[in-house]
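Student: build me a structure from this.
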Amino acid sequence: MNDSEILEGNILIAEFMGATKRNSKSEGEFYMIPDKLFTVLPRELKYHKLWDDWLMPVIAKIALDKNVKGISITPTKTRIWTLESFIEYGFVFVNNEPMIVRCFGTVVKFIKWHNELR
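Tutor: Modelled structure (predicted):
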């Protein structure tokens, strides 16, 4: 996953989690993240890097989705089972990406699928 894909995925996840996009003259575009006491520039979003405060709340929200039957996170892949099929990213080690990046990739694919349903 390249830097552009990571940035796009982080923004997609932030919006899925209810972040609001704002603009300021000094900083440009930034996001107000629910449940966080600070604002974040797009390049400062950390869903692809940090499990506890960033990615796991997203996994928890996905698990509550009415179209999701289950989630499996293993060292080699993350799979989200929907009512129709499953979504995954990184069945094999993709360019030796860390486990969190493969999980992040699956989450991004799920959110794109989810957004198409709406």
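
Student: I71 falls within a helix, correct?
Tutor: No. Under DSSP: H, G, I helix; E, B strand; the rest coil, I71 sits outside any helix and is assigned strand.

Student: isn't it up against I62?
Tutor: Yes. Counting by C-beta atoms under 8 Å, I62 is a contact partner of I71 at 6.6 Å. The C-beta positions use only the backbone N, C-alpha and C, and glycine is treated the same way.

Student: which residues in this structure form helices?
Tutor: Assigned by DSSP state H, the helices in the chain fall at 3-16, 56-63, 99-117.

Student: okay, the longest one in CSV with CA atoms only?
Tutor: I take that to be helix 99-117. Only the C-alpha atoms of helix 99-117 are listed here, as CSV (Å, rounded to 0.1, in the frame of the first residue of the first chain):
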residue,chain,number,x,y,z
MET,A,99,-0.4,-6.9,10.1
ILE,A,100,-2.1,-3.6,10.9
VAL,A,101,-1.7,-2.5,7.3
ARG,A,102,-3.5,-5.6,6.1
CYS,A,103,-6.3,-5.1,8.6
PHE,A,104,-6.4,-1.4,7.6
GLY,A,105,-6.7,-2.5,3.9
THR,A,106,-9.6,-4.8,4.7
VAL,A,107,-11.4,-2.1,6.7
VAL,A,108,-11.0,0.3,3.7
LYS,A,109,-12.4,-2.2,1.3
PHE,A,110,-15.3,-2.8,3.7
ILE,A,111,-16.1,0.9,4.0
LYS,A,112,-16.1,1.3,0.2
TRP,A,113,-18.5,-1.7,-0.1
HIS,A,114,-20.6,-0.3,2.8
ASN,A,115,-20.8,3.1,1.1
GLU,A,116,-22.0,1.6,-2.2
LEU,A,117,-24.9,0.0,-0.3
